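Visitor: Can you look at this prediction? I've put the sequence above it.
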Amino acid sequence: MFVLFIMLSLRKTDVTHESIVAVAQKEADSALSSFYNESTLLCFSSSDTNVEHLAIMFTVIVGSLGLLLILMTSAFVFSVKRLKAIRVSKLSRSLYISAIVQTLMLITNMFLPMTIFGFVYSLKVENSADFASFLPFFSSFHGIVDTLSMLYFVVPYRKYCLSLFCRKKAKVASLNQNS
């Protein structure tokens, strides 16, 4: 939807129906020939357009942010390892491991698939439509996996969740009411 909005907003308004049909013939060969006489036919060429430049810029920004996150997490890991001589508390160690795990999940579930998707789209890799359409599927897992990791690394949440699954039979004390 976002890409369609960008394409519509960047589209020239003085385009004739004949030029749209010419673009459709160039881009899709004869696949759209039955729709050439439709007055509502819209066909965009993505080569040498602002949309292509935006896709390349988006890919570079997402890839750069992913690298920045990796560098910042690495700096954090090395600074904690340097302080290892000082006694690290159990909570600090848990937060340290949590930061690493959540960074890896963010990279693998969000940054890496979107960067690969951007490269596939920007470089126009042949026969990659199925692969490219499958990549955003990984980002849908990020919310689930991030919540599960939070439930594991925050001790009160973990204890509560474990208590839901490992319920012990409660002993019920009854009062013997003999009159």
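Guide: Structure's in. What do you need?

Visitor: now the biggest helix by length in the chain, how far from the chain's geometric center?
Guide: Identified as the longest helix of the chain according to DSSP state H is helix 50-82. For helix 50-82, the distance from its own C-alpha centre to the chain's C-alpha centre is 14 Å (C-alpha atoms, centre = their mean, to the nearest Å).

Visitor: which secondary structure elements does it contact?
Guide: Taking 3 or more C-beta pairs under 8 Å, 6 or more residues apart in numbering; DSSP states H and E as contact, the helices and strands that helix 50-82 lies on are helix 2-10, helix 90-106, helix 112-122. No exception for glycine: its C-beta is placed from N, CA and C like everyone else's.

Visitor: Check which residues of it are buried.
Guide: Buried residues in helix 50-82, counted by 16 or more other C-beta atoms under 10 Å: Val51, Ala55, Phe58, Thr59, Val62, Gly63, Gly66, Thr73, Val80.

Visitor: Single out whichever of the residues you listed has the smallest pLDDT.
Guide: Per-residue confidence over these reaches its minimum at Val51, where pLDDT is 69.

Visitor: how deep is the residue lying closest to Val21 once chain neighbours are set aside tucked in, by neighbour count?
Guide: In space, not counting the residues next to it along the chain, Val21 is nearest to Tyr36; the distance is 5.0 Å by C-beta to C-beta, 6 or more residues apart in numbering. Counted with other C-beta atoms under 10 Å, residues neighbouring Tyr36 total 16.

Visitor: next one: Met105
Guide: When neighbours are defined as other C-beta under 10 Å, Met105 has 16 of them.

Visitor: Identify the residue nearest it in space, chain neighbours excluded?
Guide: Closest to Met105 by C-beta to C-beta, 6+ apart is Val145, at 5.3 Å.

Visitor: And the one you found, which helix or strand is it part of?
Guide: Per DSSP states H and E: Val145 is located in helix 136-153.

Visitor: distance between that helix and the chain's centre?
Guide: Here helix 136-153 shows a centroid-to-chain-centroid distance of 10 Å under the convention C-alpha atoms, centre = their mean.

Visitor: just checking, what packs against whatever helix or strand comes next after that helix?
Guide: Later in the chain than helix 136-153, the nearest helix or strand by DSSP H and E is helix 155-165. Applying 3+ C-beta pairs under 8 Å, 6+ apart, we find helix 155-165 packed against helix 136-153.

Visitor: All set, thanks.
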